[in-house]
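need a 3D model of the sequence below.
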Amino acid sequence: MRLWGIADLHLRHEANRRALEELPPHPGDWLILAGDVGETEEHLRFALDTLGPRFDRLLWVPGNHDLWSTSSRPVAGEALYRRLVELCRARGVLTPEDPYPVWPGATGEGGRPVRVAPLFLLYDYTFAPDGVPPERAVAWAMEDDVLCADEALLQPAPFPSRQAWCEARCRDAEARLAEAAADGAELVLVNHWPLRRELAVLPAVPRFVVWCGTRRTEDWHRRFRARAVVYGHLHIPRTVVVDGVRFEEVSFGYPRNWMGRRTLAGALRQILP
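Residues are numbered from 1 along each chain as shown. Here you go, the predicted structure:
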């Protein structure tokens, strides 16, 4: 029994949909979908209906693309997120709104249970460099001609800003993680955006960092006894160990990121055991 992770399937691309259809079954295994499955509810349905029969359990967290609002999908913000949660729940897929499941494949140190914690935390522009306040972060990025589409498409309603939405999500997650860690469990933390600024390194577009997370989560891997941390968003798959904890960037990416180099089966990252 294994726990796998993948992010950034970006199913609006036909090549990515074909790659998903070619993924072989993994009977008995669990799969984490760490955000950016696609940009419509149909993309999410396609992913879950394709993957559901091939894995014993799916766990989903949203990414920024999943939450984009357009003229063809006018629902926005929290209402859109809740719609995606219900779409997942109708298929038995676990979300950040569900209890953190115990991983049945193994126990942690000293026989502790291991729980998988799907999170939805967003970002608050604090990944900008020291000396660039959050309220100036977007302008700083634009000085280098970098602007994330989220500024037009990721609406935070009913919150007044993405920062306020991020703060509310982090506050709720902190309370739930503290409760989960209080029983001695080790946790696998799952979020679309990286939890530490040092991990948000994008050589091609370094100033995109301002849309990559929040400094509020820098020490969560220590505070909440993380066994591993799973994230995506960067399209740069890698493993980094911080304070003895594995941080796994598990993105698949756009066709230009993977075609000719790997398959989706080869992109799956084993998180446990």
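
now the residue minimising distance to the centre of the chain: closest residue in space that isn't a chain neighbour?
The centroid of the chain falls nearest to His192 when counting by C-alpha atoms, centre = their mean (1.8 Å). Nearest non-adjacent residue to His192, counting by C-beta to C-beta, 6 or more residues apart in numbering: Gly35, 3.0 Å away. Backbone N, C-alpha and C define where each C-beta goes, glycine included.

returning to that earlier point: which SS class is the residue nearest to the centre of the chain?
coil (DSSP: H, G, I helix; E, B strand; the rest coil).

so where is this protein shaky, pLDDT-wise?
Counting by pLDDT under 70, the chain contains low-confidence residues at 106-110.

which helix in it runs the most residues?
Criterion DSSP state H: the longest helix present in the chain is helix 162-182.

list the helices and strands it packs on?
Identification of packing neighbours for helix 162-182 by 3 or more C-beta pairs under 8 Å, 6 or more residues apart in numbering; DSSP states H and E yields strand 114-118, strand 186-190, helix 220-223.

with just CA atoms, put that helix into CSV.
Extracted in CSV, the C-alpha atoms of helix 162-182 (Å, rounded to 0.1, in the frame of the first residue of the first chain):
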residue,chain,number,x,y,z
ARG,A,162,-7.0,37.3,-1.2
GLN,A,163,-4.9,38.2,1.9
ALA,A,164,-7.9,38.2,4.1
TRP,A,165,-9.1,34.8,2.6
CYS,A,166,-5.6,33.4,3.2
GLU,A,167,-5.6,34.6,6.8
ALA,A,168,-8.9,33.0,7.5
ARG,A,169,-7.8,29.7,5.9
CYS,A,170,-4.6,29.7,7.8
ARG,A,171,-6.3,30.4,11.1
ASP,A,172,-8.8,27.6,10.6
ALA,A,173,-6.0,25.1,9.6
GLU,A,174,-3.8,26.0,12.5
ALA,A,175,-6.5,25.1,15.0
ARG,A,176,-7.3,21.8,13.2
LEU,A,177,-3.7,20.8,12.8
ALA,A,178,-2.9,21.6,16.5
GLU,A,179,-5.8,19.3,17.5
ALA,A,180,-4.6,16.6,15.2
ALA,A,181,-1.1,16.8,16.5
ALA,A,182,-2.2,16.9,20.1
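
and that helix, what's buried?
Neighbour-count burial for helix 162-182, counted by 16 or more other C-beta atoms under 10 Å, picks out Arg162, Gln163, Trp165, Cys166, Glu167, Arg169, Cys170, Ala173, Glu174, Leu177, Ala180, Ala181.

what sits against the fifth one?
Contact analysis of Glu167 by C-beta atoms under 8 Å, 6 or more residues apart in numbering lists Asp124, Arg216.

separation between it and Val240?
To Val240, Glu167 is 26 Å away according to C-beta to C-beta, to the nearest Å.

test my guess that the residue nearest to the centre of the chain contacts Leu33.
No. Using C-beta atoms under 8 Å, His192 is not in contact with Leu33; the gap is 9.7 Å.

common neighbours of those two, please.
Listed as contacting both His192 and Leu33 by C-beta under 8 Å, 6+ apart are Ala7, Val61.

tell me how far the closest residue in space to Arg115 that isn't next to it in sequence lies from Leu234.
Distance criterion C-beta to C-beta, 6+ apart; nearest residue to Arg115, sequence neighbours excluded, is Tyr100 at 4.3 Å. For Tyr100, the distance to Leu234 (C-beta to C-beta) stands at 25 Å.

re earlier: ok, the residue nearest to His192 touching Val230?
No. The criterion here is C-beta under 8 Å, and Gly35 misses it with Val230 at 10.1 Å.

where do the contact lists of the two overlap?
Ala7, Asn191.

those two: who's more crowded?
Between Gly35 and Val230, counted using other C-beta atoms under 10 Å, the more crowded position is Val230 (31 against 27).

now that one: how far from Leu272?
In terms of C-beta to C-beta, Val230 sits 10 Å off from Leu272.
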